[in-house]
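Enquirer: predicted model, plus sequence, below.
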Amino acid sequence: MSSDETLVVTTAQEDEEYLFAFKQIMISSIPMVLKATIELGIIKLLSESSAQLSPTQIASHLSIKNPDAAVTIDRILRLLASFSFISCTLMQDKAGRPERRYSLGPRSKHFVKEQGATFVPWLLFLFHKVSLSAWFCLKDVVVQGKGDPFKHAHGSIIFDYTGTDPEYNDCFNNAMKYLSTIYMPKAMDKYHGFKSAKTVVDVGGGVGECLKCILSKHPHLRGINFDLPYVVKNGLSYPGLEHVGGSFVNDPIPKGDVLLLKWQFHSFEDEFGLKLLKNCWNSLPASGKVVIIDPVSPEYPGTDLMTRTTFTSDMVMLGVTPGGKDRTLREVETMARAAGFSSLKVGCRFLNMWALEIYKNA
């Protein structure tokens, strides 16, 4: 009897409601499995292969000696195939038994580690054991307050912790760097907010990947990448790019007519964010502006993909940053005016990010 002939004793609505709930409970397995396939080298192998490979062939190519590896690899890849990360063709082996063969799928292009615009470092950061441990403290933060989940788990905020754990610091910096390779080229295609500037300062710019992208589009600019000394010591070398070590909490922000806050403003609580904006205001000339690149939360929790992505991003801010959150346009404008800025202008949206401009004078 085929599966099509099986007696179904639940209604379509019951199936949908139950399976939706079941999926949400089990969904954490998907990024963990994807992470394992990347670390094993399976995604890289499939990206380099001109033919579909069986699980046995995959295990052989990767020189895995475990005799049961092919069975486990098959179970892993059929899950990813069901979500279109991997493509699968059902064939028969020499004994006439079903055999699945795999290749890269339509949703795999952002998970090939060797490609420039890749989500792999972001995945490895979010599902690093240090990051994951913060989620076990979410309930404690709701009940007790006093800090964020990451601080509850590790005794310090993430930006201090990275200074004590070189491996995790590299993981974090790579995540920020490679996210920039996805987002910033999209922004530079249409956003012209840096065109008339002379000096752009990336406040908390990591190793300088974002400024590199901006300078490649606007080579007339002088770019200053301002971040903590242990971060900028590993900064990128690029024409027009200068690295300056310091803390935007305790040190003056370098002067520039455009200050960039990419994923900085949403990484801190309101009190700190207001202080950061005031420091930016002090470093700007009268005609200067701050460009904020962040997700923007809608007022109403809709069910569309963009809204879900934004609110999921907000949960990452809740879990790992010290009071960070993705704000609404109204909240951004309120804080900007409280810091002394005269007006807010929406530059553009690219993917799930927005470029917002706040001006020192109207």
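Expert: The structure has been received and is ready for your questions.
Enquirer: can we go C-alpha only for contacts and neighbour counts from here?
Expert: Noted.
Enquirer: so which strand or helix has the spatially closest residue to C171 that is not a sequence neighbour?
Expert: For C171, ignoring the flanking residues on the chain, the nearest one in space by Cα to Cα, 6 or more residues apart in numbering is F125 at 5.7 Å. Assigned by DSSP states H and E, F125 belongs to helix 120-126.
Enquirer: buried ones in that helix?
Expert: The neighbour-count check on helix 120-126 (16 or more other Cα atoms under 10 Å) flags 120-126 as buried.
Enquirer: do the same with stretch 210-223
Expert: In stretch 210-223, counting by 16+ other Cα under 10 Å, buried: 210-215, 217-218, 221-223.
Enquirer: same check on stretch 218-238?
Expert: By 16+ other Cα under 10 Å, the buried positions in stretch 218-238 come out as 218, 221-228, 231-232, 235-236.
Enquirer: could you do stretch 183-197 as well?
Expert: For stretch 183-197, the neighbour count (16+ other Cα under 10 Å) marks 183-185, 187-188, 191, 193-194, 197 as buried.
Enquirer: adding distance to D270, pLDDT and secondary structure, write the residues you listed out as TSV.
Expert: Shown next, in TSV, are the buried residues of stretch 183-197 (distance: Cα to Cα, whole Å; pLDDT from 0 to 100; DSSP: H, G, I helix; E, B strand; the rest coil):
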residue	distance to D270	pLDDT	secondary structure
Y183	25	89	helix
M184	26	89	helix
P185	29	89	helix
A187	26	90	helix
M188	29	90	helix
Y191	27	92	coil
G193	25	94	coil
F194	27	95	coil
A197	28	95	coil
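Enquirer: for the buried residues of stretch 218-238, work out which two are farthest apart.
Expert: Taking Cα to Cα, the two most distant members of the buried residues of stretch 218-238 are H218 and L228; they sit 25.3 Å apart.
Enquirer: which pLDDT value does the model give the residue nearest the centre of the chain?
Expert: By Cα atoms, centre = their mean, the chain has its centre lying nearest to W122, at 5.0 Å. Listed pLDDT for W122 reads 94.
Enquirer: skipping adjacent residues, who's closest to it in space?
Expert: A175 (4.4 Å).
Enquirer: by mean pLDDT, which helix or strand of the protein comes out lowest?
Expert: helix 12-26 (a mean of 87; mean pLDDT, DSSP states H and E).
Enquirer: just checking, what packs against the helix or strand following that helix?
Expert: Next helix or strand after helix 12-26 toward the C-terminus (DSSP H and E): helix 29-40. If you count contacts as 3 or more Cα pairs under 8 Å, 6 or more residues apart in numbering; DSSP states H and E, helix 29-40 packs onto helix 69-82, helix 120-126.
Enquirer: after the longest one, next one along is what?
Expert: Same thing as helix 69-82. Helices and strands here follow DSSP H and E; after helix 69-82, the next one along the chain is strand 86-92.
Enquirer: what does the helix or strand following that following strand rub up against?
Expert: Downstream of strand 86-92, the next assigned helix or strand under DSSP H and E is strand 98-104. Contacts to strand 98-104, defined as Cα atoms under 8 Å, 6 or more residues apart in numbering, come from residues 43, 46-47, 49, 51-55, 74, 77, 85-93.
Enquirer: now swap in stretch 23-41 and tell me
Expert: 43-44, 62, 76, 79-80, 111-113, 120, 123-124, 127.
Enquirer: only whichever of the residues you listed are buried, select them in ChimeraX.
Expert: A single ChimeraX command is used to select the members of those judged buried by 16+ other Cα under 10 Å:
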select :43,44,76,79,80,111,112,113,120,123,124,127
